[in-house]
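# Here you go, sequence then predicted model.
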Amino acid sequence: MNNIRKRNYTIDEICILAGQIMLESGAETYRVEDTMNRIAKSFGAEYVESYVTPTAIVFSIDGDEITNTKMKRIEKRGTDLNKITVVNSLSREISEGKWTLQEAYQKLIEVQRAPFVYSYWLQILAATIVSGCFVIMFRGSWVDFIPGMITGGFGYLCFLIIDRIVRVRFFSEFITSAIIGICALLLVYNGFGMEVDKIIIGSVMPLVPGLVITNAIRDLISGHLVSGITKGAEALLTAMAIGSGIAIIIGLF
């Protein structure tokens, strides 16, 4: 934290950092642009332009003598709604004049460095419960409730492990869906379940990119065609990975 106080930070640096945190946490592009513009204008900038895509941020401030334009590439994206909420709250506090440039930057650094609000084990537990519930929601038998929980929880555990090793989300989702298919088939084959399809459907639901699909539609409605189409393609690729993994296992066995 002492290193942060040794220099003065500019408006564009604060805005880009806020946008980076939000975009990496799964925020819609129009929300990121709006937050960046509001922060800049709250600190006195009059002419501000921002352009955000899922993989890059371009931010420009027009001054009296020069135009300062910066770009930040986004290399990782995930889902952390808590960080989005914190940055939104911070932007409102900045609009109210509560924080200076330096204080706002320090707050954003703290948000960026904060660990994910939910531990891996809590995520696995949630995926386990959700998988069993989805089995029932898709009209599966209560006999398949426990097998669905086992398959979904184990599958999500494998996903977290594989995603850290492979670093390519398509392959981690593909391998995880194949593992889910194998587990479901083994459980039914050994008499611990009745309907393979219901168990598989419930177990893969934690992998379905619901937030990405929602953001894609909201960006398209807001007129952000590039971001909407990009996120839609990302969601389609994820669906193909999940479907391909399951199809291959079903086809082999």
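Received it, and whenever you're ready, just let me know what you need. Numbers count the residues shown, from 1 in each chain.

# Spatially nearest residue to I242 (excluding sequence neighbours)?
Among residues not flanking I242 along the chain, S177 sits closest, at 4.5 Å (CB to CB, 6 or more residues apart in numbering). For every residue, glycine as well, the C-beta is placed using N, CA and C.

# which stretch of helix or strand covers that neighbour?
If you go by DSSP states H and E, S177 is part of helix 169-189.

# which parts of that helix are buried?
169, 172-185, 187-188 (16 or more other CB atoms under 10 Å).

# Determine the longest helix present in this structure.
Looking across the chain with DSSP state H, the single longest helix is helix 225-252.

# That one to helix 169-189, inter-axis angle?
30 degrees (axes from the mean of the first three to the mean of the last three CA atoms, to 10 degrees).

# Now do helix 225-252: which elements does it pack against?
If you count contacts as 3 or more CB pairs under 8 Å, 6 or more residues apart in numbering; DSSP states H and E, helix 225-252 packs onto strand 47-53, helix 169-189, helix 196-204, helix 210-221.

# Can you give the strand pairings for the helix or strand that the first one is followed by, parallel or anti for each?
Put plainly, it is strand 47-53. Per DSSP H and E, the first helix or strand lying C-terminal to strand 47-53 is strand 56-62. Using DSSP bridges, strand 56-62 pairs in its sheet with strand 47-53 (antiparallel), strand 67-73 (antiparallel).

# ok, and what's touching strand 56-62?
11-12, 15-16, 19-20, 23, 32, 36, 40, 45-52, 67-74 (CB atoms under 8 Å, 6 or more residues apart in numbering).

# Now the buried members of the residues you listed.
Among the contacts of strand 56-62, those buried by neighbour count (16+ other CB under 10 Å) are 11-12, 15-16, 19-20, 23, 32, 36, 40, 45, 48, 50, 52, 72, 74.

# so which of those residues comes closest to S131?
Nearest to S131 out of those is L23 (CB to CB; 29.1 Å).

# Quick check: the closest one vs G228, distance?
Using CB to CB, to the nearest Å, L23 is found at 14 Å from G228.

# repeat for S95
For S95, the distance to G228 - CB to CB - is 28 Å.

# Over to V135?
According to CB to CB, V135 stands 32 Å off from G228.

# more crowded one of those two?
Counted by other CB atoms under 10 Å, V135 and G228 do not tie: V135 has more neighbours, with 30 against 22.

# Need the nearest residue in space to G140, chain neighbours excluded.
Nearest non-adjacent residue to G140, counting by CB to CB, 6+ apart: K198, 3.3 Å away.

# neighbours around that neighbour, how many?
K198, neighbours per other CB under 10 Å, totals 24.

# Okay, it and G26: tell me how far apart.
Taken as CB to CB, the span from K198 to G26 is 29 Å.
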